[in-house]
Structure formats: structure tokens, C-alpha cells
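In: A structural model of the following input is requested.
(4 chains, ligands or ions: 4)
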Amino acid sequence: MSVLEKPPPEAEDHADHHHPEPFWKRYIFSQDHKVIGLQYAFTALFFLLFGFTLMILMRWQLAWPGRPIPIIGGLLGEANAPGGIMLPEFYNQLGAMHGTIMVFLGIVPLAVGAFGNYVVPLQIGAPDMAFPKLNMASYWCYFPGGLIMLASFFVPGGAANSGWTSYPPLSTIATQGQTWWLVGMIFLITSSLLGSVNFIVTIFQLRVKGLTFMRLPFFVHAQLVTSFLLLLAFPPLEAAGIFQLLDRVLNTSFFQPSGLVISGEVLEAAGGGSPLLWQHLFWFLAHPEVYVLILPALGIVAEVIANNTRKPLWGYKSMVYATIFLGFMSFIVWAHHMFLTGMGTTISSFFQTTTMIISIPSVVILTALFISLWGASIRFTTPMLFALAFLPMFGIGGLTGLPLGLSPTDIHLHDTYYVIGHFHYVVAPGTIFAMFAGIYYWFPKITGRKMNDFLGRLHFWPSFIFINGIFMPMFIVGLAGVSRRLWDGGEQYAHAQPVLEWNLFMSISAFGLLFAQIPFMINLFWSIKKGKKVDSNPWQATTLEWAAAPSPPVGHGNFVEVPAVYRGPYEYSVPGHPDDYLPQNLPGKEG
Amino acid sequence: MGGHTAEEIRGEIRRYWIIGLALFLLTVITVAVSYLDVSAGMAVFVALLIACIKGGLVAAVFMHLISERQAIYALLILTVVFFAVLMIVPIGTRASPIPMG
Amino acid sequence: MKDFLARWMPLDASTHGAELDSMNALVHWLMAVLFVGWALYFLFVLFRFRASRQPKAVYEGSKSHFSTWIEGGVVVVEAILLIGFAIPAWAKWVTPHPVDSDPLVVRVVGEQFAWNVHYPGADGVFGQTDVHLIAGGTNPLGLDAKDPASHDDIVSVNQLHLPVDRPITVLLSTKDVIHSFFLPVMRVKQDAIPGQEIPVRFEAKMTTPPESTLPACAAEKSCWEIACAQLCGLGHYRMRGFYTVHEQGAFESWLASQDPFVAPPEPEPEPEATPEEAEPAA
Amino acid sequence: MQIPYTIEERPDTGLYNAKLGIWLFLASEVMLFGALFSSYVLLRTGDPGFMTMSHDVAEALHLEGHAHRWSDVLSVPLAFVNTLVLIFSSVTIVMSWASLRLKDFGKFRLWMGLTILCALGFMGIKAIEYSSKFSHHLYPETSNFLGVYFTLTGLHALHVIGGLIVLAYLWGPGSKMWKSQPQRFVNRVETVGLYWHFVDLVWIFLFPTLYLL
Ligand code: HEA
Ligand code: HEA
Ligand code: CUA
Ligand SMILES: [Cu+2]
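Out: Numbering: from 1, shown residues only, chains lettered A, B, ... in the order given. Ligands and ions are numbered 1, 2, ... in the order given. You can find the predicted model right below:
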């Protein structure tokens, strides 16, 4: 796959640049954060689409268990889908890879690698990231990590099939694909670590004059906290990954207790290990990780809302503090994924309490965003539609986290579709919608052209309807007690019978959602060449990337002239000012 | 950080050698203690105490943390807190299982 | 009010289930109130402050302290849920049954992809087990025939029988990977962790009604299902067991009618266990 | 295009970019080794047989005397010497940094060279240790203690090797920068030094917890 279907816009000003760099240095091994950001964006979008395609196959199987998949079914190979009928092994591979790809190869690279890379330096007035080479290395760890994951579908036994959570001992005895998964993960972890160091240094060190912490756009705060989460939470998973790799390759027993009997045979291993150790290390990462998925999204939504309400964000300070607190707390709630692993009262009380506490900063942030709408002059632009839809969707996802966070109610709901519904509401109509908002919003920055509004609406409304059609019934199915990761969607179970018909409904919605992406894809590629040309600040925004840099930004160094900052990020509709926006870099009374 | 004048730097160099010597001696002590017949708990305590002292010296002097900036302190405190959580909680989880009764 | 969720949930046949369900309903009420409240506000604001109606935004925005009240309210309600309901309910869930309540103790051992059931028999003592004695069809648990305590033990696959109105302790473990023992109508779920034996405690408040029949129920009896809630391999979706709750008398006569464990023939000198996958009884 | 604060310190944070960068990296390393240590503690306290070696194994290894523990197969003298080597290398690397700041490039070369020799020495001793284990058929899979031993020391050794490569670069081709951008070169030596001390620091904890307890 080419990393860049679209060459980034020509730098406007090449005067200071005597020797033009060769193509590969400019677009492939580029050190320019803007090019790297676009490389991340296209790779991540590809993976999102791929992850979605895997899910389409699964949803076919869930709607019509054991029915041959039309057309594509034959291409899946006899080992996976003989006669086009998906085997349970293959279903498990698809599930594990859908989760892994969406989280680690789709959303994180898009939210952090792409948006963070492109926008953060521009918003803080920096010429580039602090370490451009490291930035390139980070992408070039991500890319092979992704390739390894893709390639694992073609090794004997197929891709990893033990869930994205890869709980041992199932994962230690699994087919070779699991080893590939682990190696791929180590690449992705390395990439994230490099990236997060770079982001933190950039934000601390490269802010232009006058840009104090409380004048940073909220998006930058979100990226900063996100980077800390990646920096400190990923290493334990790396440790766990190394242990699991050794368990598989060198036959150690870190996660294998003594006396396992696999298919009637006593497992030859030293024994004495602990399967729960993996879960602790995994969730120590994976809980902070879910905030990695949501914080950049909240950042984007905050930018878009401030811009399209034409007024300052309400409670900006409390949002910033809430974000920091959220980041901190996210390190001490992880075992709420493990309530049913045999926990006594003390520890379960601890984790329930921290889980309830962590919901408060989310409520604070969301409330602030809601109240920001009061007194606004709301422009229903395409990015704004997605940003607005994000709010109630994240609300549903977040609220359904509460019964999961209380251990007694989690007894019935754990590992059912209720959980699937909970987190998809936060990541799909939540984060993905925020990503769409970001794409529509910053597209003119990157290309100097706007995306088409009609196609935007044609993308938004069906997506909004279908995505709820997929995930809302999951709460009903989950309350009925249908487990997740079932190849036949629960067809065998008596308790699933009353809700089985929802499977079809959800699948049809999923197919609908896929079709709803067509206007988006057309719009994206068409607008690169044919979109309406706009000036460098088409949204009349206040933050530096719009107010101080040309669109697209200058090839090397971003700004024609290094800006200075005089006021907070969202000075819209300032009384007494003739325009309804007062850019951060406009000299004048400090505001 | 580190000083800038030649005088200051020479002073630092003296300090480096003293610390190096101290680390050397502490290592000898650790090994010596391990050959004594003390209770297991005591052995762990002494070994970790000495290791912490040594680690502290390395961090404070060689990595010149004593004269470092606030930002770095904040970062390290944060890391130490999470590190502690990582150490304590998994063990705590096992210490609180569902009682067999 | 506490039946808020009942229409979507399975029947509740356990003594502790009502508490969990009403707590669940309570949480969902909180969620519903918050959501509906915010949603109404949201829709109103979108309508009222649209640009065509409000061409110029108000710089200060809202000056009310309403949000502090809501946030405070959420904190208080969550604290009540936590301290008043969740923690006590969990403490109850994990507390051992009093010994004098004469709990029925039964071992359940998960494997890919079946639930093995082990009753201690008349002596009330489980026979020793050893993984090296496990033999596919004949001795799924590896019961040691040399241990006299094992001679009256009862072993079955995917068939669990329980008495009504009597505390039950399931000692849950697994031979291979992690499974999760899920009895939807009992509001019971517990992961089975290799290398550990975890007690699961509950009490049925009703017998399995006769109309609850499934093709796979043991001999013409009605039954409910044991599900596996944790991904455990390719057969996870069909790792299904069955259990029947009887009157105490009927339970005892069922127990009496069972053949005790028969020691398999002495194993050959060299181990020759055939790697075969246990199929569920279904 | 010039990235600000690559050489000079930013006034309000008091740091140049690479220094903040390396400390962040070290923070993540703390979490990595923290997780490894935590796992070690969990495995060791969770399994009563973690340290005990069966009699047969002890016999085969010709271990004498009392109850046998897996840590008995490790060589304390070798590890002791290695500890001293690493401590010495920490001294030499700060010396090389100090020499540079005194503008004495020759001394820098000397001390840096010594550091590299120490690192090589450490790896040599490590190799002897490992090969003696392998020759007695002691592998990571033999017991969980050995698994932990090989994983932790192996990962530490990888860090030494990584450091070694960078040190060699700074001693050799990388030192050209001293002519063009002296302050930047001093910064580089400082940051690499920080990393190197951290590697030493990890060993300071590995040594007693694996070999002595
Ligand atoms: C972006 C991702 C994301 C986010 C933000 C969250 C947020 C939360 N999550 Fe979620 N969670 C996941 C992703 C996420 N989660 C994933 C992926 C899993 C499953 C992993 C797996 O097993 O595979 C999971 C699983 C999961 C579990 C384990 C369930 C189980 O396996 O049994 C629990 C339990 O405590 C939990 C709790 C919470 C809580 C309390 C929050 C809180 O932070 C939520 C706080 C937010 C609110 C409380 C909303 C506030 C809003 C309002 C008050 C306004 C509402 C009004 C209107 C909208 C109009 N989550
Ligand atoms: C970030 C995380 C993320 C995201 C976004 C999604 C998105 C979706 N998920 Fe996924 N899901 C998981 C993470 C995620 N999921 C995880 C972790 C699991 C658990 C796995 C496990 O059990 O181990 C899971 C499991 C899971 C299941 C349960 C399977 C089972 O238990 O058996 C289902 C079932 O329906 C499902 C459905 C969907 C659907 C329909 C979407 C849709 O919302 C998809 C929407 C996608 C898009 C709208 C694509 C947008 C992209 C484009 C338009 C690309 C444009 C391209 C170019 C321009 C090149 N998911
Ligand atoms: Cu056993 Cu799923
Ligand atoms: Cu979580």
C-alpha cells in the first residue's frame, strides 16, 4: 500500500531551500511533521476500513450463522471458510484482529499520530516536532507493526485468535498467529513510546512566546495527557508481551500454572506461573488506553464546538484540570475488568471506588461542553454535526460504564454484549465521530480546500442512524445474558432466543453503516483536487494553526513569521471587538 | 545540570570519585551481609535498603538529580507513584481473594 | 420501579438475584434521569441558540451554577450506590455460607469445551485427583482410585443437579484455559482460573419449572443452562452445560440413583492419553 | 528551519529538548523494569516452590550442602565483579562528560574509551555466566526462577548493548560534532550518560534481588 495516495501540498515558499530533496526523502522517509501526520492518517484510515471489513464478515455470520458468505466467502480460503462458511476458529481470529486493529492500528494512530502530529505543532506555533527523526522512526515502527499484523492472517493457523485481550493460557497454547501478534504489538508499543516522548517534549519546550499552559487549546492539553498515558502505561504491557512471547517461544511458565491438561495431555512446562499476572499487566495498559482513545476525541470536539458556537468554551479551566485528574486516575482503576476473577471485598471495593471517582471528571468535561452551547450562535457545519452527535453518544457509552463499574451489577453483565455496547458507544459513535469531525474541520488547513457539505450531510445522517442501530440493541441482548465472542451469536442458548432477532437488525445496520461511508470516501478524495478553494482561515478561528499559518502551512517551519500569543485560545465574540473572533496572535490588549 | 566554571567542575569530579567509592563499599557490604545468617525478612530488608541507597546516590549525583529542574521532579514523582501502584496492587489483589470459608 | 429492567432480563431464580437486579435497576434509573435531562436541555439549546436565531453569541455564556449542582448530585448518588449498595452486596456475595446451614458443596471443573461436575458422595469428602490420571471418557477429573474417599464420588459431564432452598457452594476450577461459569437465571458468573479453586456461592429459590425443557436436558427432566462467558477457544460458543434445581427430596433421590465413580483399569506403564477434544453432551 | 532549544535551555523549563526527552524515556523504562520486578515479586510470593530446586537437579549439578535454591546456581562472584565494573563505568562516563566541559577532548576520549571497555567487560562476563548455565542445561524453561533471571538480565544486557552502540558512536564518528557544535555534543554526552547511569541503577537492583536473596 502506498503510504501517500495524496502528495501533501507543495510548500509555498522554497526560496530558502536550495537543494530539493528526493521524492523518498520528502514523502516516504520524511521528517516533516505534516507529512508524517498524513502518512499516519492514511495508514490509519486504511486500517479502520480494514477493521470494519473484518467486522462486516463477522456480522454476516452473526446474522445468518453458518450460511455461506456471498462473493467474498470464496476468497477466504478453505482453511478459514470452507464453502464460504466461516469456521469458529476464523471467527475468533476476526474478532481478535478487529479489536486489535481498531484500537492499536486505527484509532490511536489516527487520533495521536495523525491529528496530534499535524495539529499540535501548528497550535503551539512550533516549526516542527522537537525530534523530527524520532517522529519518522515512530511512524516506521508503526507501519511494520501493522504489516506484521496483516501478514499474520496468512501464517499456518491464521491470525491471533484469543481476543484482543490475549488471556493466557489460551493465548500461550494458541496457533502461531499469536506470536506474530506479540511481535507486532512490540513494534506498536515502541512506536507509541517514541511518539509520546516527542509530544511531551514538543508541548513543554516549543510553545511560542506568550503561550502559557492556560492559553493552550484544549486539544493540546488532551494530547499532552494522552502522551503521558502512553508513556507510562505501555511499558507494563511490553513486559507482559515479552513474558508471553517467552512462554510461547522458549516454553517458560510465567503465565502457566502447574498441571494444565490440554486436550487430555498434561502440559510439559515448569509451571508455577500466574494467568492473572497477564491480566493485571494487560489492563494496567488497556484501561489508560481507553482514555487514549477518548481524550484526543474530546480535544477535537472541544475545538470544533468552540469554533462553531462562536464563544469561549465554558469552564475551560475545569476541563483542563478534569483531564489531568482523569489521566491520573486512569492508572488505578484497571482491575474493574477483573471483578470476576475471584476478588475479595477489599480490593473490589477499592477498584469500584476509583471507577466511580473516574466517572466524575468525565461528567465535568461533558457538562462543560454542554453548557458551552448556552448563549452560543451555533453554526451547523459538517464538523459541528459530528461534534454535536459525539456528546450524547459519549454520554450513553459513559453512563453504561457505571453498572459495569459496580461489581455486583457487573456479575450479570460482564462479558456480555452489554460490555460490547458500552465501549462501542464510546469508541464508534464517540471517537470515530470525533475523528470525522476533525477531518472535516482541519481538511482546509491541509489542502486549502473545503470538503463538500452536501456529501458531508449525506455521510452524517445515515451514519448516525445506522450506528445507533448497531449498538443500541446490544444493551438489550446483553441484559438478556448473551455472551460476547460467540460464533453463532448465541443461537444455541435458550436464554438468547428472545433476543436473537436483534442479530439480524444489528447486522443490517452494520451493512448500512458501511454504505454510509461511501459519500465520505468520495468526498475526501474528490475534495483534495476539486473542493472549494478557501482562504487560510475559513472557519474564522482564533487558534494559531488558523490565525498565524497559511493553509497549507509552509513546508519547513510552518509559519512565515514566528507568531507570538497574547490571549487565551477561544476569544470569540469578545464584547467591543468588531469581528466575532479575536485570534490568539493578534497584538493588543491581553485578553 | 552541572556547574560551568572549571573550579565547579573540578569539585564535581572529586564528588564523583567519592560516590564511586561509596558504591563500591556498599556493594561489598551487600555481598558480605548475604553470607551472614540472618532471617529472610531481614536479608530482604537490608539488601533492598542498600540497593535503594546506592540507587539514590547514582540518581542524585551521577544523574545530578539534586540540581535538576522542577519539571523532572514532577515527572519522576508521578512515575514513582505509578510504579508503586504497579508493585502493590497485584499483590494486594491476591491478598484479598474470595474467602474459602 | 425496580422491575425497570426485568422485561429484558432472564428470569431470576436465586435468592441473591433480587438484590442485584434492583441495584441494577437503580443504576439505570440514575443513568436514564441524567440522560433524559441532558438530552432535553441539549435539544432545546440546539434549537434556541442556532445561528439563524441567535446571530451573535454571548461572550460570558451561562452564568448559572446549575452544573455544580448536577455534578454534586452525581457524586452523591454514586457515593450512595457505592457505599449503600455495591460494597455491601459484594461483601455478601463473597461471604461464606454459615457452616450450620448445611451447604451443598460440588466441584465444577471447566475444560475445552465442557463442564465436569464432581459430587463428594455420601462421605462428603472429595476424592483425591491427579492430572496424570485424567483419561478422556473414563476419568475426566483424574480421580485417584487409591483414595477411598473417591469410591462414592459422582462424576458427570455437563449435568449439574442442585437442591432448592439450600445454600450451594460450587468449587470452581479448570483443567486448561480460563472459562467463566455463567448461570443467567441464577445471576451467577465467575471466572474459572487455571491453578485456582474459587468458591461460588448462591441459593436457588425455585425449582426448575417443568416447561423449561431443552432437548439436551438429562433424561426427560426440565433444566436451565450453564453458559461459558469467557473466550476459551473455537468451541467457546457451544460450551454449554445444564442444571436442574430439585426439591430437596427429589435431589436426594437423584443423587442416590447415580452410579458412583468406578475406578478405570490400571493405567498402562507408559502414558498414552489420546489427545481428543471433549465434546459437549449435546 | 531550526528547532528551538536543541542546544540552549528554554528559560522557563530550564531544560534543553533532549534532556527532557531522555528523562521521559527513562520514566517509561522505570515502568518497564517496574513491571518486570513486580511480576517477579508476584510469581515468587505466589508459588511456594518458586525457589526450591528438587534434590535430583541439585545432585546433577553437584551442589553441596543444605536445602537447594535455584539462586544457588548463579555465580555471586561473577555478578559481584560485574557490579563493580558497571559502577566503575558510571564513574568513567561522568568523568568523560566533566572532561568535555573542561574542554579537554583527549581526556574525554580516554574516559569514554574506558566506559566502552567496561561495557564490553560486562558483556563478556555475562556471556561466561550464560554459557555456564547453558552447559549445565539450565534454560529459561527449567524453572520460573531461571525464567525470571534470564528475562531480567537478558533485557538488561540488551540495554547495555544498546548503550554500547551509542557510546561507541560518540567516541568515534559522532565526536566530530565537538568541532562544529561543541555545546550540542556536550549535551549528547550528558544525555547518554543519564541513560548509562540508569542501566547501572537497574543492575544495582537486579544484583541483590536475583543473586543474593
Ligand atoms: C474510549 C473508550 C472507553 C471509555 C471512555 C470508557 C469509559 C468508562 N468505562 Fe469502559 N470499556 C472500554 C472502553 C471505554 N470505557 C472497553 C474497550 C472495554 C472492554 C474491553 C474488553 O473487555 O474487551 C470497557 C469495559 C469496561 C468495564 C469492564 C466491563 C466488563 O468486562 O465486565 C468497565 C467496568 O467498570 C468499564 C467502565 C467504564 C467507566 C466507569 C467509564 C467512565 O470513564 C465513563 C464516564 C462517563 C460518563 C459517566 C458519562 C457522563 C455523561 C453525562 C453525565 C451526560 C449524559 C447526558 C447526555 C449524553 C445527554 N468499562
Ligand atoms: C476503537 C475500537 C473499535 C471500533 C472503532 C470498533 C468499531 C466497530 N465494531 Fe468493534 N470491537 C472492538 C473495538 C472497536 N470496534 C473491540 C476491542 C472488540 C472486542 C474484541 C474481542 O472480543 O477481543 C470489538 C468487538 C466487536 C463486536 C463483538 C464481536 C464478538 O464479541 O463476537 C462487534 C459486533 O458487532 C463489533 C462491531 C463493530 C462495528 C459494527 C463497528 C463499527 O462502528 C465500525 C465503524 C467503522 C467505520 C465507520 C470505519 C470508518 C473508516 C472509514 C470510512 C475509512 C475511510 C478510508 C479511507 C479514506 C481509506 N465489534
Ligand atoms: Cu469455556 Cu468459553
Ligand atoms: Cu476500564
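
In: ok, now which ones touch A:Gln540?
Out: By Cβ atoms under 8 Å, 6 or more residues apart in numbering or on different chains, A:Gln540 lies in contact with A:Asn307, A:Asp579, A:Asp580, A:Tyr581. Glycine gets a C-beta too; all of them are placed from N, C-alpha and C.

In: same question but for A:Asp410, I mixed them up
Out: A:Asp410 touches A:His336, A:Phe339, A:Leu340, A:Pro403, A:Leu404, counting by Cβ under 8 Å, 6+ apart.

In: Confirm it sits in a strand?
Out: No: judged by DSSP: H, G, I helix; E, B strand; the rest coil, A:Asp410 forms no part of a strand; its state is helix.

In: burial count for C:Thr95?
Out: By other Cβ atoms under 10 Å in any protein chain shown, the residues close to C:Thr95 number 14.

In: How many neighbouring residues does the nearest residue to A:Val201 once chain neighbours are set aside have?
Out: Using Cβ to Cβ, 6 or more residues apart in numbering or on different chains and skipping the chain neighbours, the partner closest in space to A:Val201 is A:Ala130 (4.2 Å). A:Ala130: 28 surrounding residues under other Cβ under 10 Å.

In: Stretch A:552-569 near chain D at all?
Out: Yes: Stretch A:552-569 reaches chain D (Cβ under 8 Å from any Cβ of the partner chain) through A:His556, A:Gly557.

In: Mind checking if that stretch is in reach of chain C?
Out: No: against chain C, stretch A:552-569 shows no contacts by Cβ under 8 Å from any Cβ, the least distance being 12.0 Å.

In: what about the strands in the chain?
Out: Just going to use chain A. A:261-262, A:265-266, A:449-450, A:532-533 (DSSP state E).

In: You answered for a different chain; I wanted chain C.
Out: Under DSSP E, chain C gives strands at C:104-111, C:114-119, C:154-157, C:159-163, C:168-174, C:179-183, C:188-192, C:198-202, C:224-228, C:241-246.

In: what's the closest of those to B:His4?
Out: Among the strands of chain C, the nearest to B:His4 by Cβ to Cβ is strand C:188-192 (60.4 Å).

In: could you say what helices and strands that closest one packs with?
Out: helix A:407-413, strand C:104-111, strand C:168-174, strand C:179-183, strand C:198-202 (3 or more Cβ pairs under 8 Å, 6 or more residues apart in numbering or on different chains; DSSP states H and E).

In: now do 6 Å
Out: Judged by 3 or more Cβ pairs under 6 Å, 6 or more residues apart in numbering or on different chains; DSSP states H and E, the packing partners of strand C:188-192 are strand C:168-174, strand C:179-183.

In: So is it next to ligand 3?
Out: No: figure legend: strand C:188-192 not in contact with ligand 3 (Cβ under 6 Å from any ligand atom); closest approach 8.1 Å.

In: Quick one: mean pLDDT for that strand?
Out: Averaging pLDDT along strand C:188-192 yields 97.

In: Any figure for the gap between the residue most central in space within chain A and A:Phe520?
Out: In chain A, the C-alpha nearest the mean C-alpha coordinate belongs to A:Ile107, at 2.5 Å (Cα atoms, centre = their mean). Separation of A:Ile107 from A:Phe520 (Cβ to Cβ, to the nearest Å): 16 Å.

In: separation between A:Ile242 and A:Thr172?
Out: Plainly put, A:Ile242 is 13 Å away from A:Thr172 if you go by Cβ to Cβ.

In: next one: D:Met112
Out: Using Cβ to Cβ, D:Met112 is found at 44 Å from A:Thr172.

In: Please say which of those two ends up with more neighbours.
Out: For D:Met112 versus A:Thr172, neighbours defined as other Cβ under 10 Å are more numerous around A:Thr172 (29 against 26).

In: what residues does chain D put near ligand 3?
Out: Counting by Cβ under 6 Å from any ligand atom, no residue of chain D sits close to ligand 3.

In: Quick one: find the helix or strand in chain D with the lowest mean pLDDT.
Out: helix D:55-60 (a mean of 80; mean pLDDT, DSSP states H and E).

In: Whether stretch C:125-134 contacts chain A - can you check?
Out: Yes: with Cβ under 6 Å from any Cβ of the partner chain as the criterion, chain A is reached by stretch C:125-134 at C:Val131, C:Ile134.

In: need the strands of chain C in CSV with mean neighbour count and distance to B:Ser39, can you?
Out: Below are the strands of chain C laid out as CSV (neighbours: other Cβ atoms under 10 Å in any protein chain shown; distance: least, Cβ to Cβ, whole Å):
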stretch, mean neighbour count, distance to B:Ser39
strand C:104-111, 22, 39
strand C:114-119, 24, 42
strand C:154-157, 19, 46
strand C:159-163, 22, 48
strand C:168-174, 22, 35
strand C:179-183, 27, 42
strand C:188-192, 26, 37
strand C:198-202, 21, 33
strand C:224-228, 27, 46
strand C:241-246, 24, 49
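
In: Please identify which of those is closest to D:Met53.
Out: strand C:168-174 (27.6 Å).

In: For the helix of greatest length in chain A, which helices and strands make contact with it?
Out: Longest helix in chain A, counting residues (DSSP state H): helix A:275-309. Judged by 3+ Cβ pairs under 6 Å, 6+ apart, helix A:275-309 is in contact with helix A:218-249, helix A:345-372, helix A:382-405, helix A:433-447, helix D:17-46.

In: Turn these into JSON lines, including mean pLDDT.
Out: Listed next are these as JSON lines, based on pLDDT from 0 to 100:
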{"stretch": "helix A:218-249", "mean pLDDT": "96"}
{"stretch": "helix A:345-372", "mean pLDDT": "94"}
{"stretch": "helix A:382-405", "mean pLDDT": "96"}
{"stretch": "helix A:433-447", "mean pLDDT": "97"}
{"stretch": "helix D:17-46", "mean pLDDT": "94"}
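
In: As TSV, those with mean neighbour count would be great.
Out: Listed next are the helices and strands packed on helix A:275-309 as TSV, based on neighbours: other Cβ atoms under 10 Å in any protein chain shown:
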stretch	mean neighbour count
helix A:218-249	25
helix A:345-372	21
helix A:382-405	24
helix A:433-447	25
helix D:17-46	22
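
In: what residue ranges in chain C score low on pLDDT?
Out: Within chain C, the ranges that satisfy pLDDT under 70 run C:1, C:218-220, C:263-282.

In: need the residues of it near ligand 3, please.
Out: C:Gly110, C:Phe113, C:His179, C:Cys228, C:Gln230, C:Leu231, C:Cys232, C:His236, C:Met239.

In: which residues touch residue 68?
Out: Answering for chain A, as no chain was given. A:Gly83, A:Gly84, A:Ile85 (Cβ atoms under 6 Å, 6 or more residues apart in numbering or on different chains).

In: Please refer instead to chain D.
Out: D:Met53, D:Ala58.

In: so who does C:Pro210 touch?
Out: C:Pro210 is in contact with C:Ser222, counting by Cβ under 6 Å, 6+ apart.

In: the helices in the stretch 101-250 of chain A, which residues?
Out: Ranges of helices in the stretch 101-250 of chain A, per DSSP state H, counting those that start in this stretch, are A:108, A:117-123, A:132-151, A:177-205, A:218-249.

In: Could I get those in JSON lines, plus columns for distance to D:Thr153?
Out: Listed next are these as JSON lines, based on distance: least, Cβ to Cβ, whole Å:
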{"stretch": "helix A:108", "distance to D:Thr153": "32"}
{"stretch": "helix A:117-123", "distance to D:Thr153": "37"}
{"stretch": "helix A:132-151", "distance to D:Thr153": "25"}
{"stretch": "helix A:177-205", "distance to D:Thr153": "19"}
{"stretch": "helix A:218-249", "distance to D:Thr153": "13"}
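
In: Quick one, which of those helices gets closest to A:Leu75.
Out: It's helix A:132-151; of these, that one is closest to A:Leu75 (Cβ to Cβ) at 15.3 Å.

In: What mean pLDDT does the closest one get?
Out: 96.

In: which secondary structure elements does that helix contact?
Out: When contacts are defined as 3+ Cβ pairs under 6 Å, 6+ apart, helix A:132-151 sits against helix A:33-63, helix A:177-205.
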